[in-house]
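1. sequence below, structure please.
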Amino acid sequence: MRLFVLALVAAASTTPAAAGIAVLSAGAVEEAVIRLAAQYARDVGHEVTSKFGTGPELEKRLAANESADLLIAPVAVMDRAARAGHVLADTAVPIARVGVGITVRRGAKAPDASSVDALKAALTAADSVVYNQASTGLYLESLFTKMGILDELKPKTTRYGNAAQVLEHVIAGKGNEIGFGPVTEIKSFEPKGVVLVAPLPEDVQNYTTYVAAVMTRTTAREQTQAFIRYLTTEAARRVFAATGAQ
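-> Residues are numbered from 1 along each chain as shown. Okay, the predicted model is just below:
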């Protein structure tokens, strides 16, 4: 792996100096992208700057023709971006997948999430339930419908535009409250006052795959593709795993 990273460095050194690589990325992989961008700058010498948002937020930015060199987004968002001509479809590479996690504020009693039946009982007994309006929330709405508890949960459910707002709500909450969000985002908020109880039970888990692709309007295609290769190295996979991605 050390030799592979050195090869990336050597390849990058043969290209003209660039101002840097601008990344537009889904927030669920924010922690890993920030860490890897810093490592890449040290290893290769190209600065990487990043902006983050939910899937719907990314699509609004793309529709407004926000400029960037690299897009990191869920598969569905990336497919639509490719059809709209925002990214070069043949450069798209999967870099990580992220599951849905269950969270409570630090110090609160953790619900039993060892099985679907246990989770169902915990949710119906909870004082409140919190999740987002993005892809995680859409999946949970479908899951709760299948579990037969969506209507029962609605009066005590609060939803926000993104996972950060959900987690801030949980931190400030009281009583028996259960929150949901991408595992990666819950882990990044643990120092602020939440606890990752567990991922969803495996038989109902939903993984979102994140894909990186070069944006059509980039002026740094070679440097951007080199960074994508960096994101797929074994060292990068270890960084993704440390933040809760797979």
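
2. so where's this structure shaky on pLDDT?
-> The chain contains residues with pLDDT under 70 at 1-19.

3. now the longest helix seen in the chain, how far from the chain's geometric center?
-> If you go by DSSP state H, the chain has its longest helix at helix 30-44. From the chain centre to the centre of helix 30-44 is a distance of 16 Å (Cα atoms, centre = their mean, to the nearest Å).

4. and it, what does it pack against?
-> Contacts defined by 3 or more Cβ pairs under 8 Å, 6 or more residues apart in numbering; DSSP states H and E place helix 30-44 against helix 2-13, strand 21-26, strand 48-53, helix 183-189, helix 221-231, helix 234-242. Glycine gets a C-beta too; all of them are placed from N, C-alpha and C.

5. out of these, flag the one nearest residue 169.
-> Nearest to residue 169 among the helices and strands packed on helix 30-44 is helix 183-189 (11.1 Å), distances taken as Cβ to Cβ.

6. CA atoms only: put that closest one into PDB for me.
-> The C-alpha coordinates for helix 183-189 follow below in PDB (Å, rounded to 0.1, in the frame of the first residue of the first chain):
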ATOM      1  CA  VAL A 183     -24.100   5.700  11.300                       C
ATOM      2  CA  THR A 184     -21.300   7.900  10.200                       C
ATOM      3  CA  GLU A 185     -23.100  11.100  11.200                       C
ATOM      4  CA  ILE A 186     -24.100   9.700  14.600                       C
ATOM      5  CA  LYS A 187     -20.500   8.700  15.300                       C
ATOM      6  CA  SER A 188     -19.300  12.100  14.400                       C
ATOM      7  CA  PHE A 189     -21.700  13.700  16.900                       C
END
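
7. who are the packing partners of it?
-> Using 3+ Cβ pairs under 8 Å, 6+ apart: helix 183-189 touches helix 30-44, strand 100-105, helix 163-172, strand 194-199.

8. swap the cut-off to 10 Å and go again
-> helix 30-44, strand 93-98, strand 100-105, helix 163-172, strand 177-182, strand 194-199, helix 234-242 (3 or more Cβ pairs under 10 Å, 6 or more residues apart in numbering; DSSP states H and E).

9. of those, which is nearest residue 124?
-> Closest approach to residue 124 among the helices and strands packed on helix 183-189 is made by strand 177-182 (10.6 Å; Cβ to Cβ).

10. quickly list the domain ranges of the protein.
-> The chain breaks down by automatic domain parsing into domains covering 2-97+209-242, 100-204.

11. would you turn the helices and strands packed on helix 183-189 into CSV with mean neighbour count and distance to residue 219?
-> Listed next are the helices and strands packed on helix 183-189 as CSV, based on neighbours: other Cβ atoms under 10 Å; distance: least, Cβ to Cβ, whole Å:
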stretch, mean neighbour count, distance to residue 219
helix 30-44, 19, 18
strand 93-98, 20, 20
strand 100-105, 24, 37
helix 163-172, 21, 32
strand 177-182, 26, 32
strand 194-199, 20, 40
helix 234-242, 15, 24
